[in-house]
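> Sequence first, then the predicted structure, then my questions.
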Amino acid sequence: MNRSRRRNHNTVNAASLARWIVMTAFLALAGLAYVYLTLQLYHLGERRKAVETELATLRTQNDVAAGQIALLTSRTALQRRLKEGYLRMIPVSEGRIVRLTIPARSPDEEAVQPVANPLPQHESK
Amino acid sequence: MNPSSRIRCALVCAAFIGLFSIFSFRLVYLQAIKHDEYAGLAAKTHVHQQVIHAERGIILDANNEVLAHNIPVETVVADATLLSDVHATVDLLNAELEIPSQELAEKLNSGRPYIIIKRKVPAAQANALREKLRAGNLRGIYFEHDATRIYPNGSMLCHVIGFTDFDHHGVQGVEASMEEYLRGQDGFRFIEHNRAGQEIVPYRGQERAPRDGYQVHLTVDLGLQSIVEDEIDAAMKEYSPQKATIILMRPQTGEILAIANRPNFDLNLRSEAKPEQMKNRAIIDMMEPGSTFKIVAAASALNERKLRLDSQLYCENGLWNYGGTALHDHRAFGYLSVRDILVKSSNIGAAKLALSIGDQKFYEYIRRFGFGERTGIELPGEINGVIRPPQAWSKISITRIPMGHEVGVTPLQMTTAMATIANGGKLVTPRIVKSVTASDGKIISSVSPMVLRQVISPETAKQIGGALRGVVSDQGTAAAAAVPGFTIAGKTGTAQKVNPHGGYDHGKYVVSFLGYLPADHPEFVGLVVLDDAHTSKPELNYGGLVAGPIFSHVAEKAARYLDLEPHEEIRKAIPVQRVDKPKPAERSRKVPAERIALTDGSRR
């Protein structure tokens, strides 16, 4: 009985089976990876689009700000504000003028004199 | 298998082979032979070319102060075929964009796929509208990126900067002449949309980045421009002329440092400006220059060595009959040197200078000084002026042209001619564009000074310059143009205004002063022209009395701004008092030259 059953029974080729399993698994994984990567591609595309939109918005805001700065700091605008009294021109005080080199004094110098900070003030800094 | 079965089997196989062969051929036909055609058709349906707009380049002055800038705005567009709720959309747009509901309803019910709702909507307002449309789930409204040009200095330098039209093409000034550089190049991207109209990013096709327009740097210094604008405004207030022009130019390089015309207009409100306000009179207005043109006659005669600076010419005691008509001087001059002819502005003397070299030579010198042709400045619409050839001259033309009659020149041509004297006889092309750079600072193009020709010798130029110093003295016609601390060379002009219908307008004059400072090492040449100035008394309407003081104010402030060192001799001397307008009694004994000539009956 056992002998006849063994005669009728097909032996399983383990190597072949393993090969098929590996191939099937590989194909399945490849399919899943393909689907995953495709979804990733769409997802990253959406992210890219969002970042591009954000960048464009920032650029627009930057351009608007640059335009407003140009308008507010234009010579005409500043002169107008100066006339209206919103701005004042303050003469530079003596202590805030720094000369890198002290020009030599000529004997026939007239009213306009070069300005220099007193030395001790420099040394204390 | 019996034979009939085999035959049937073979027939079925043959039928399948035939069928699949047809399919295969069709497949090859569609995929290979007709590939491009059908791919194109498919692309038309799904693929769109998205334009990526380039930004127009900005315009800057010589010190990088902004003259023209862009501000992003949006255009609100509707697709009436995709509107989900017309009533709600109308209500929202009415509230946000302040457009009447009826107007909106008419537009949105038209069924058209592309309806412009409103242009130049500020970015912040567009964003708020976008959010509200999203919140209300309202479809069919889109936003297109756009930009509007702003001019931070309003009307300052308006004729030079110019402006752009609806499609952002420059139509006037530097905006037009430098269009090629300012415009930039739009980019594009091929994209596909899904059914909801959203882009499918992975399917992006070919893409080209935009190239923004280049930055154009002008030679104009806004500091000097501001001085000139203030002075021309003051002159308009004081004399109410019909038109006025002031130009400052660096003679060695031809750089225009400042240029102002009146009437003018606000570049940000250009739609309200009248055509008369938009004309750049420095280059498109033709005028008879009057006595300022005498420098050409004197330079020609000296350069041809027909006369020396101290050569004496008989000035006929103030009245000379030539060619059957009388030519007058404002005073009875006997013998005058060539120098004194310029200083005292003798018409008879100038006529004799031109006669000494003859028609043809004099004409050649006029042309060599650049009259009768465009200067070549980078501004659109410049005119040639009118210089008739000697064949078209009348018998008396040789006596009238030297005193600036029978010729038509532009203020810029006159400035360039004086710059030639100041520059040792070299004619330099005037220019307003300094350089063109990319936004990263890379220089795309820089304009170098261009010497066109040596018009007169350096010695002659020096001699004329020396004579012109005498004009701004007590003996000259423009004592009021003096600037304390500096020597000035200059020439006055007073020309009766030409009537467009023929002849001259009685009592209307174009007064001018043309000079440079310092006389020894000129830093700038300046021209002041006032057309039909209104003075308190008619006898005050002279170049030396009206335009001279304006030049003096401009030159004094400009010298301070440019930190020019005062002339040593004068600095040590007693400070020079500014020469005010002489009292009528004083003026009556020193009537400027031009007026007498203009009342010459033969001219009418």
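Thanks, I have it.
> Assign the nearest residue to residue B:120 once chain neighbours are set aside to helix, strand or coil.
Excluding its sequence neighbours, the residue lying closest to residue B:120 (CB to CB, 6 or more residues apart in numbering or on different chains) is residue B:73, at 4.6 Å. C-betas here are computed from N, CA, C, even on glycine. Classification of residue B:73 by DSSP: H, G, I helix; E, B strand; the rest coil places it in strand.
> Check whether residue B:73 really touches residue B:146, as I assumed.
Yes. Under the criterion of CB atoms under 8 Å, residue B:73 makes contact with residue B:146 at 5.2 Å.
> Neighbour count for these two, which is higher?
Set side by side, residue B:73 and residue B:146 show more neighbours around residue B:73, with 19 against 16, by other CB atoms under 10 Å in any protein chain shown.
> Mind pulling up the pLDDT for that one?
Among the per-residue scores, residue B:73 holds a pLDDT of 92.
> what's the single longest helix in chain A?
helix A:14-72 (DSSP state H).
> Show me where the chain dips below the pLDDT cut-off.
Reading this off chain A. A:1-8, A:100-125 (pLDDT under 70).
> try chain B instead
For chain B (pLDDT under 70), the answer is B:1, B:196-197, B:568-604.
> For it, what lies in contact range of chain A?
Applying CB under 8 Å from any CB of the partner chain, one finds that chain B approaches chain A through B:55, B:65-66, B:69-72, B:122-124, B:127, B:147, B:150, B:152-154, B:156, B:199-202, B:222-223, B:226, B:571.
> Just the buried subset of these, please.
Neighbour counting by 16 or more other CB atoms under 10 Å in any protein chain shown classes B:55, B:65-66, B:69-72, B:123, B:127, B:147, B:150, B:152-154, B:156, B:199, B:201, B:222-223, B:226 among those as buried.
> Point out the ones among those residues that are inside strands.
B:66, B:69-72, B:147, B:150 (DSSP state E).
> which one of those is nearest residue B:414?
Nearest to residue B:414 among those: residue B:66, at 31.2 Å, using CB to CB.
> beta partners of that closest one?
Residue B:66 has these beta-bridge partners by DSSP bridges: residue B:60.
> Find residues that contact each of residue B:73 and residue B:146.
Residues touching both residue B:73 and residue B:146 (CB atoms under 8 Å, 6 or more residues apart in numbering or on different chains) are B:119-120.
> wait, doesn't residue B:454 sit right on residue B:423?
No. Counting by CB under 8 Å, residue B:454 does not reach residue B:423; the two are 10.1 Å apart.
> Comparing those two, which shows the higher neighbour count?
Applying other CB under 10 Å to residue B:454 and residue B:423 shows that residue B:423 carries more neighbours, namely 24 against 14.
> and the gap between the closest residue to that one other than its chain neighbours and residue B:257?
Of all residues not flanking residue B:423 in the chain, residue B:251 sits nearest, at 4.3 Å (CB to CB, 6+ apart). Distance of residue B:251 to residue B:257, computed by CB to CB, to the nearest Å: 11 Å.
> repeat for residue B:17
89 Å.
> cool, and residue B:328?
Residue B:328 is 38 Å from residue B:257, by CB to CB.
> So between the two, which is more surrounded?
Per other CB under 10 Å, whichever of residue B:328 and residue B:257 has more neighbours is residue B:257, with 26 against 20.
> mind listing what residue A:60 touches?
Contacts of residue A:60 by CB under 8 Å, 6+ apart are B:72, B:123.
> now do residue B:236
Here residue B:236 is in contact with B:244, B:262 (CB under 8 Å, 6+ apart).
> Kindly report the same for residue B:104.
Contacts of residue B:104 (CB under 8 Å, 6+ apart): B:90, B:93-94, B:117.
> circling back to that earlier point, doesn't residue B:516 make contact with the residue nearest to residue B:423?
Yes. Using CB under 8 Å, residue B:251 is in contact with residue B:516, at 6.5 Å.
> shared neighbours, those two?
In contact with both residue B:251 and residue B:516: B:418-419, B:422, B:522, B:524-525, using CB under 8 Å, 6+ apart.
> Pick the one among those closest to chain A.
Of all these, residue B:524 has the smallest distance to chain A: 19.3 Å, by CB to the nearest CB.
> how about the nearest residue to that closest one, chain neighbours excluded?
residue B:248 (5.0 Å).
> phi, psi of the one you found?
phi -120, psi 130 (degrees, to the nearest 10).
> I figured it was touching residue B:256, is that so?
Yes. At 7.3 Å, residue B:248 counts as touching residue B:256 under the criterion of CB under 8 Å.
> need the contact list for the residue positioned nearest the centre of chain A.
The structure's chain A has its C-alpha centroid closest to residue A:55; by CA atoms, centre = their mean the separation is 9.8 Å. By CB under 8 Å, 6+ apart, no residues touch residue A:55.
> List, one by one, the residues from chain A near chain B.
Chain A has residues A:41-42, A:44-46, A:48-49, A:57, A:60-61, A:63-64, A:66-67, A:70-71, A:73-77, A:79, A:110 near chain B, with proximity defined as CB under 8 Å from any CB.
> how does it look with 6 Å?
A:41, A:45, A:48-49, A:60, A:63-64, A:67, A:70-71, A:74-76 (CB under 6 Å from any CB of the partner chain).
> one step back: please check which residues sit opposite the residue nearest to residue B:120 as beta-bridge partners.
The partner residues for residue B:73, given DSSP bridges, come to residue B:122, residue B:146.
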